[in-house]
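S.K.: no FASTA, just this:
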């Protein structure tokens, strides 16, 4: 019996002027339905590449991605992506940005008023229903990312793919959005893959943390199970023994076993 | 020198007298009284007064400063007229000529004697035709160039060679091809407008963030949907910038083109008046050309406000 989402021997090469560059090799990962998995690693290790292959935005050179036993080879709304820089269309309002996705995914199955209701529902979910008619240029970075999440959720994806969704936000806003995401995940039970470079974020949100080795030819170095009870409270976890143990084992992996390329040279 | 001051006052009866320091202090003392009379509840009065003071200083910046410049130029003009060359008409004579020209802009005594309004309209007609054709051709070709690296590589060198050529150099080719002056002038305007429109459109298409296209891919938008919901709105700012550039250059080029082609049009009008040594008419025409240029700019501004998402 295969898992909900399978990556089997996935690798990718990019053509460059100096010949092919091997970014990833033999990535194997099984993700269960409803699981929250984060992928962590130093920048340039190819963690976004893994996400883009699952999204179908990049084609793997070898190996296969299976979602519910079906091969993934092109992008689609069943694997909605929350992009790092939100990627809202600046000429559409908050509502229209989400509605575009809703119309595209449910145009055939939902009536106009149902689609309107569904759009509003998802914006309520991320607490952005107060700014329906604002354009992305008129709202803060955190708000944009909320709308980006609402747009992805509105597609009712089988897997929600998040590419460093909170990387560009300040610490306070990031904490708010992490809490909102935990609430949504608890309520809806989405299957999530999240790319991050923030150790605390990974431990707080994930069921499992996938730690990547450095590129070139990056692969999965270690997978850490996070057995902390949910719902999780960041304040209470700060003094939690298990939380700190997990946190330091991720840190050890990143800074002892996988130093950044710059440090290795020096 | 008394003559100079008198002329300046006569030519500019509406604006402040040359002793503008006094004018400024006058308006400054008169305005607070007006503000006091208008401001109603005492609580809001302070901020409102501060606001009106700000508005007043903005008014000074917007009206008084340009008026000073205008007076200085007028002064130089008077000096040139009286001290350098009598062939340059005086501002007063030019003003009378302007009143004469503008009181009957649309008279028509046969094809060789038509009002300045007609001259401007004929020129605008040629500009619109050439500009319109260039937009119709330039935007689609620009899109193809932006999307297809092969097409881009194939055409870029030729465009680079042709782009710096003065559009007027194409006039003989136009005359040869069309055997008539009107289409040739339109052809010259077309050549003027095509490069900025095409190149800006291509640049706009290339500048579309890849993320927008990834959004389209995740949503599985069709080719037409991508064009309508992403490509068009995303490139619009660039396209309109290209159109704006085109139109303003076209308005400059048409004057020169008409000087060569003759017929009716503001460019030939200037040339014709030169042949008749009516320098007054030429100066009035120059100012009219400038004002029409500003009007075209305002029209493009409206277009930009309507279609450019960065302006909303």
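M.R.: That came through fine. Only a predicted model underlies this, so the values are computations on that prediction, with no experimental measurement involved. Numbering: from 1, shown residues only, chains lettered A, B, ... in the order given.

S.K.: Quick one: residues contacting the residue of the stretch 1-150 of chain A at minimum distance from chain B.
M.R.: Residue nearest to chain B within the stretch 1-150 of chain A (CB to the nearest CB): residue A:91, separated by 3.4 Å. C-beta here means a position set from N, CA and C on the backbone, and glycine is covered the same way. Applying CB atoms under 8 Å, 6 or more residues apart in numbering or on different chains, we find residue A:91 in contact with A:135, B:233, B:234, B:236, B:309, B:312.

S.K.: rerun that using 10 Å as the cut-off
M.R.: A:97, A:135-137, B:229-230, B:232-234, B:236-237, B:307-310, B:312 (CB atoms under 10 Å, 6 or more residues apart in numbering or on different chains).

S.K.: isn't residue B:300 right up against residue B:244?
M.R.: Yes - assessed by CB atoms under 10 Å, residue B:300 is found in contact with residue B:244 at 4.6 Å.

S.K.: Shouldn't residue A:21 be within a helix?
M.R.: No - under the criterion used here (DSSP: H, G, I helix; E, B strand; the rest coil), residue A:21 is strand, not part of a helix.

S.K.: How many neighbouring residues does it have?
M.R.: When neighbours are counted by other CB atoms under 10 Å in any protein chain shown, residue A:21 registers 14.

S.K.: and it, how far is that from residue A:15?
M.R.: 8 Å (CB to CB, to the nearest Å).

S.K.: Overlap in contacts, the two.
M.R.: Counting by CB under 10 Å, 6+ apart, nothing touches both residue A:21 and residue A:15.

S.K.: And stretch B:220-232, how far out from the chain middle?
M.R.: Stretch B:220-232 sits 34 Å away from the centroid of its parent chain (CA atoms, centre = their mean, to the nearest Å).

S.K.: Spell out whether that stretch and chain A are in contact.
M.R.: Yes - using CB under 10 Å from any CB of the partner chain, stretch B:220-232 comes into contact with chain A via B:220, B:221, B:222, B:225, B:229, B:230, B:232.

S.K.: what's the last one in contact with, if anything?
M.R.: Spelled out, that is residue B:232. Contacts of residue B:232 (CB under 10 Å, 6+ apart): A:91, B:139, B:143, B:226, B:239, B:307.

S.K.: Please report the distance of it from residue B:308.
M.R.: Where residue B:308 is concerned, residue B:232 sits at a distance of 12 Å (CB to CB).

S.K.: Now list whatever residues contact both of those two.
M.R.: Joint contacts of residue B:232 and residue B:308 (CB under 10 Å, 6+ apart) are A:91, B:239.

S.K.: Alongside chain A, which residues does chain B contribute?
M.R.: Taking CB under 10 Å from any CB as the measure of proximity, chain B contacts chain A at B:209-222, B:225, B:229-230, B:232-234, B:236-237, B:307-310, B:312.

S.K.: Which of these fall within strands?
M.R.: In strands, judged by DSSP state E, none of those are found.

S.K.: Just the residues you listed: which are in helices?
M.R.: Secondary structure from DSSP state H places B:210-218, B:225, B:232-234, B:236-237, B:307 of these in helices.

S.K.: What subset of these is buried?
M.R.: With burial judged by 16 or more other CB atoms under 10 Å in any protein chain shown, the buried subset of those is B:211-218, B:233-234, B:236-237, B:307.

S.K.: Which residues are in contact with the residue of chain B found nearest chain A?
M.R.: Nearest to chain A, among the residues of chain B, is residue B:309, at 3.4 Å (CB to the nearest CB). Contact partners of residue B:309, counting by CB under 10 Å, 6+ apart, are A:89, A:90, A:91, A:92, A:135, A:136, A:137, B:233, B:234, B:236, B:237.

S.K.: Can you check the pLDDT for it?
M.R.: At residue B:309, the pLDDT value in this model is 88.

S.K.: cool, residue B:25 as well?
M.R.: On pLDDT, residue B:25 comes in at 40.

S.K.: nearest to residue A:167, of the buried ones among the ones in helices among the residues of chain B next to chain A?
M.R.: Proximity of these to residue A:167 (CB to CB) peaks at residue B:211, which lies at 14.2 Å.

S.K.: residues in contact with that closest one?
M.R.: Residue B:211 neighbours (CB under 10 Å, 6+ apart): A:81, A:83, A:84, A:85, A:86, A:87, A:88, A:89, A:163.

S.K.: Turn the residues you listed into TSV, columns for secondary structure.
M.R.: Shown next, in TSV, are these (three-state DSSP):
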residue	secondary structure
A:81	strand
A:83	coil
A:84	coil
A:85	coil
A:86	coil
A:87	coil
A:88	coil
A:89	coil
A:163	strand
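
S.K.: Residue A:211 belongs to a helix, doesn't it?
M.R.: No - Residue A:211 sits outside any helix when classified using three-state DSSP, being strand.
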